[in-house]
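Colleague: model the following, please.
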Amino acid sequence: MTKEVSIIIPTKNNGDILEKCLASIQNLDYPKDRYEVIVVDGHSTDDTVEIAEKYGCKVVYKCVGAVLSFVCCTRLLYKV
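Modeller: Numbering: from 1, shown residues only. Got it, this is the predicted structure:
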């Protein structure tokens, strides 16, 4: 089933804030099978990614630089 809503959270080294955010999303009065949470991580060095994975989020990594951004976006869109 296709998700009706995508919640996209860009973050870097915000594990403490992300935990509260994801807990709040988890408590929404909205069917969990109708939304997805995508965390776009800027290569955090704290526990941000582990927290996102604990809540079942999809995690993608923000690329740095124009050439790398193109390559990463191409890989995400076309699953190269």
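Colleague: low-confidence ranges in this protein?
Modeller: Within the chain, the segments meeting pLDDT under 70 span 1, 63-80.
Colleague: let's see 90
Modeller: For the chain, residues meeting the criterion pLDDT under 90 lie at 1-3, 42-43, 61-80.
Colleague: for this structure, just list every one of the helices.
Modeller: 15-26, 48-54, 66-78 (DSSP state H).
Colleague: give the contact list for D16.
Modeller: Taking Cβ atoms under 8 Å, 6 or more residues apart in numbering as the definition of contact, D16 has no neighbours. No exception for glycine: its C-beta is placed from N, CA and C like everyone else's.
Colleague: go on, T48?
Modeller: Residues in contact with T48, defined by Cβ under 8 Å, 6+ apart, are 11-15, 18, 39, 41.
Colleague: number of residues surrounding the closest residue to it other than its chain neighbours?
Modeller: The shortest distance from T48 to any non-neighbouring residue, by Cβ to Cβ, 6 or more residues apart in numbering, is to G15 (4.5 Å). Around G15 there are 16 other residues, counting by other Cβ atoms under 10 Å.
Colleague: G15 reaches V39, doesn't it?
Modeller: No: using Cβ atoms under 8 Å, G15 is not in contact with V39; the gap is 10.8 Å.
Colleague: surely P10 touches V59?
Modeller: No: using Cβ under 8 Å, P10 is not in contact with V59, being 11.7 Å away.
Colleague: show me which of the two is the more surrounded one.
Modeller: A direct count of neighbours by other Cβ under 10 Å for P10 and V59 places V59 higher, at 18 against 12.
Colleague: distance check, the most centrally placed residue in the chain against K3.
Modeller: The centroid of the chain falls nearest to V39 when counting by Cα atoms, centre = their mean (1.1 Å). V39 is 15 Å from K3, where distance means Cβ to Cβ, to the nearest Å.
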